[in-house]
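**Q** No letters, just coordinates:
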């Protein structure tokens, strides 16, 4: 279907399902992170939150990073995308926080998170996120929900489309929201300069110092968790999405408020069970026995989008240090660490929560009742996405 016909279909939907709009009365204009040094604008002229230099990270002591176990090192990062030079030594965050005679916070998780064959044989933890952030905006006040969008360095158009649509909402019925995009670094310095300029303009990029590549997705996930832990304390819920997703934030907040408000230690997602590792080396997602010693993966969340309670941020950050790096982040974070080690409940989301693809055949009712929409073939059609979002606004 052409983009023109897609737009026409969505216009017909608006006429067919006309009801009073309450969205305007629900949305406040306040930004939810610290104000920028330089204010940027989106396509509609709305102000975006600013960036704050991670001064604490830049001033950390130059303590050496924890030694990786020689017998069971973390898997080498993809040869096509080697790891960047370390910008600063890893700080001794955990040891400094422990009272004399008590185990450090990370040591307290050893018995729950160390697994033979999946953890360093030395019994020592490995910090998978030792580098200071290149950019780390800070949340302002206590948020109800922060959306952490995983994005690639070159996906500026996708990020801009999200800013124009669902990330433009910062307050729904008094519940405050914010959205950030987590990215790594590129081998192309021109791309990095464009990324830095975007970060200065919009102030919503969490830029971590690792090579942005699909074999490093778990680093991206863990840096996002660390950012929320350090720069968004007090948040109650975290939504992780990819940058090819449209989120009905009104329905999301309503659902959490009605059914999950007092729930803790949980993930709410499309669960995947009894999946096995890809054993054919010709496939992109091939996993060798040395990377994952058993055939089956644990119960885990599909990575399109998932919601989890913020009380898991600290345990996820600490527990992950007791596991060898595994590059498929959905399995590592939600399955191995959250579910197997921490005992977090993985709740399969209710029917109607998602549609596989955003397409013009969806009715106004479907657009307002579902929460997550995947863009067709991971490539957004901007006109269709904007029209769908306008329909969501109109009926919410």
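**A** Received, thanks. All figures in this text were calculated on a predicted structure; none of them were measured in a lab.
**Q** my guess is residue 293 meets residue 118, correct?
**A** Yes - between residue 293 and residue 118 there is a contact at 6.9 Å, judged by C-beta atoms under 8 Å. Every C-beta, even on glycine, is put in place using the N, C-alpha and C of the backbone.
**Q** Compare those two and say which one has the larger neighbour count.
**A** Legend: neighbour count by other C-beta atoms under 10 Å for residue 293 and residue 118, higher for residue 118 (19 against 13).
**Q** Secondary structure class of the more buried one, three-state.
**A** Of the three states, residue 118 takes coil under DSSP: H, G, I helix; E, B strand; the rest coil.
**Q** How much space separates it from residue 362?
**A** 42 Å (C-beta to C-beta, to the nearest Å).
**Q** Ok, residue 332 next?
**A** Counting by C-beta to C-beta, the separation of residue 332 from residue 362 is 33 Å.
**Q** In three-state terms, label residue 190 for me.
**A** When classified by three-state DSSP, residue 190 comes out as helix.
**Q** Next up, the contacts around it.
**A** Listed by C-beta atoms under 8 Å, 6 or more residues apart in numbering, the contact set of residue 190 is empty.
**Q** where does it land on pLDDT?
**A** Note on residue 190: pLDDT of 97.
**Q** cool, residue 354 as well?
**A** Residue-level confidence at residue 354 comes out at 74, pLDDT.
**Q** for the one 10 residues further on, same thing?
**A** Predicted confidence (pLDDT) at residue 364: the value is 78.
**Q** is it true that it touches residue 391?
**A** Yes - the pair residue 364 / residue 391 is scored as a contact, 5.7 Å apart, by C-beta under 8 Å.
**Q** what's around residue 284, how many residues?
**A** A count of nearby residues for residue 284, using other C-beta under 10 Å, gives 7.
**Q** Could I get the full set of strands for this protein?
**A** Taking DSSP state E to define them, one finds strands in the chain at 145-150, 171-172, 175-185, 205-211, 237-242, 245-247, 266-272, 300-309, 345-348, 354-355, 372-374.
**Q** how near is residue 338 to residue 305?
**A** 16 Å.
**Q** Same check on residue 212?
**A** 20 Å.
**Q** measure stretch 321-334 end to end?
**A** 14 Å (C-alpha to C-alpha, to the nearest Å).
**Q** meant to ask about stretch 196-209, not that
**A** Stretch 196-209: ends 13 Å apart by C-alpha to C-alpha.
**Q** next one: stretch 163-174
**A** End-to-end distance of stretch 163-174 (C-alpha to C-alpha): 20 Å.
**Q** in that stretch, what's buried?
**A** Residues of stretch 163-174 classed as buried by neighbour count (16 or more other C-beta atoms under 10 Å): 163, 164, 165, 166, 167, 168, 169, 170, 171, 172.
**Q** now swap in stretch 249-263 and tell me
**A** By 16+ other C-beta under 10 Å, the buried positions in stretch 249-263 come out as 249, 250, 251, 252, 253, 254, 255, 256, 260.
**Q** Could you find the closest non-adjacent residue to the last one?
**A** In space, residue 260 comes closest to residue 268 once its chain neighbours are excluded; the distance is 6.6 Å by C-beta to C-beta, 6 or more residues apart in numbering.
**Q** give me the beta-bridge partners of the one you found?
**A** When bridges are called by DSSP bridges, residue 268 pairs up with residue 307, residue 347.
**Q** Flag the shaky bits of the stretch 101-250 of the chain, pLDDT-wise.
**A** Within the stretch 101-250 of the chain, the ranges that satisfy pLDDT under 70 run 101.
**Q** again, 80 this time
**A** Applying pLDDT under 80 to the stretch 101-250 of the chain flags residues 101-102.
**Q** ranges for the helices of it?
**A** 110-113, 156-164, 189-202, 217-231, 249-255 (DSSP state H, counting those that start in this stretch).
**Q** Would you format those as CSV with distance to residue 289 included?
**A** As requested, the helices of the stretch 101-250 of the chain are exported to CSV (distance: least, C-beta to C-beta, whole Å):
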stretch, distance to residue 289
helix 110-113, 22
helix 156-164, 35
helix 189-202, 35
helix 217-231, 18
helix 249-255, 39
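**Q** tell me the most buried of those?
**A** Comparing these by mean neighbour count (mean count of other C-beta atoms under 10 Å), helix 217-231 ranks first with a mean of 23.
**Q** quick check: angle from that one to strand 145-150?
**A** Our comparison of helix 217-231 with strand 145-150, counting by axes from the mean of the first three to the mean of the last three C-alpha atoms, to 10 degrees, yields an angle of 150 degrees.
**Q** In terms of secondary structure, what does helix 217-231 contact?
**A** With contacts defined as 3 or more C-beta pairs under 8 Å, 6 or more residues apart in numbering; DSSP states H and E, helix 217-231 has these neighbours: strand 145-150, strand 175-185, strand 205-211, strand 237-242, helix 313-319, helix 329.
**Q** for those, which one sits closest to residue 113?
**A** Proximity to residue 113 (C-beta to C-beta) singles out helix 313-319 among the helices and strands packed on helix 217-231, at 4.1 Å.
**Q** For that closest one, which outside residues touch it?
**A** Here helix 313-319 has contacts from 94, 105-106, 108-109, 112-113, 129, 222, 225-226, 228-229, 238, 333, 337-338, 341-342, using C-beta under 8 Å, 6+ apart.
**Q** Could you rerun that using 6 Å?
**A** Identification of contacts with helix 313-319 by C-beta atoms under 6 Å, 6 or more residues apart in numbering yields 105, 106, 109, 113, 225, 226, 228, 229, 337, 341, 342.
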